[in-house]
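Peer 1: the following comprises the amino acid sequence and a computationally predicted model.
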Amino acid sequence: MMLKFPFKNIDSLEIFPELVEISNKNFQKLKINRVKIFNENASSFNGYNNYKYFYLYNPFPKKYLKKVIAKIDEQIKKKKYSLYTIILNVTIC
């Protein structure tokens, strides 16, 4: 989905190493080099201040989501310009 937008780089967090490996292989096969996938837990990631846009697709349960958004907010507020956008795409069943 994010590849449809003109972002220079698209980074992703994935907690399962197997999925990181599969994803990286797929992006290599597709010759897409602007995607980087970090094998990290979203609640312990310390690089949120490097981004302005966050796209979360069915990310986690509500309780955990609140913690991650608080972590993003905490890190972004330390920057000179603290404006950011969270796009939350959730499928409701």
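Peer 2: Nice, thanks for sending it over.
Peer 1: count of residues packed around residue 68?
Peer 2: Residues within reach of residue 68, counting by other CB atoms under 10 Å, total 21. In this view, the C-beta of every residue, glycine as well, is placed from N, C-alpha and C.
Peer 1: pull out the buried positions in the helix or strand harbouring it.
Peer 2: Per DSSP states H and E: residue 68 is located in helix 62-76. Residues of helix 62-76 classed as buried under the neighbour-count rule (16 or more other CB atoms under 10 Å) are 65, 68, 69, 71, 72, 75, 76.
Peer 1: distance of residue 28 relative to residue 40?
Peer 2: From residue 28 over to residue 40 the distance is 20 Å, taken as CB to CB, to the nearest Å.
Peer 1: quick check: phi and psi at the residue lying closest to residue 53 once chain neighbours are set aside.
Peer 2: Among residues not flanking residue 53 along the chain, residue 85 sits closest, at 5.1 Å (CB to CB, 6 or more residues apart in numbering). Dihedral pair for residue 85: phi -130, psi 130, per degrees, to the nearest 10.
Peer 1: same question for residue 86.
Peer 2: Backbone torsions of residue 86, given as degrees, to the nearest 10, read phi -110, psi 120.
Peer 1: so who does it touch?
Peer 2: When contacts are counted by CB atoms under 8 Å, 6 or more residues apart in numbering, residue 86 is found next to 54, 56, 69, 72.
Peer 1: per-residue pLDDT, residue 55?
Peer 2: Confidence at residue 55, expressed as pLDDT, is 90.
Peer 1: quick revisit: nearest to residue 92, of the buried residues of helix 62-76?
Peer 2: Proximity of these to residue 92 (CB to CB) peaks at residue 65, which lies at 13.9 Å.
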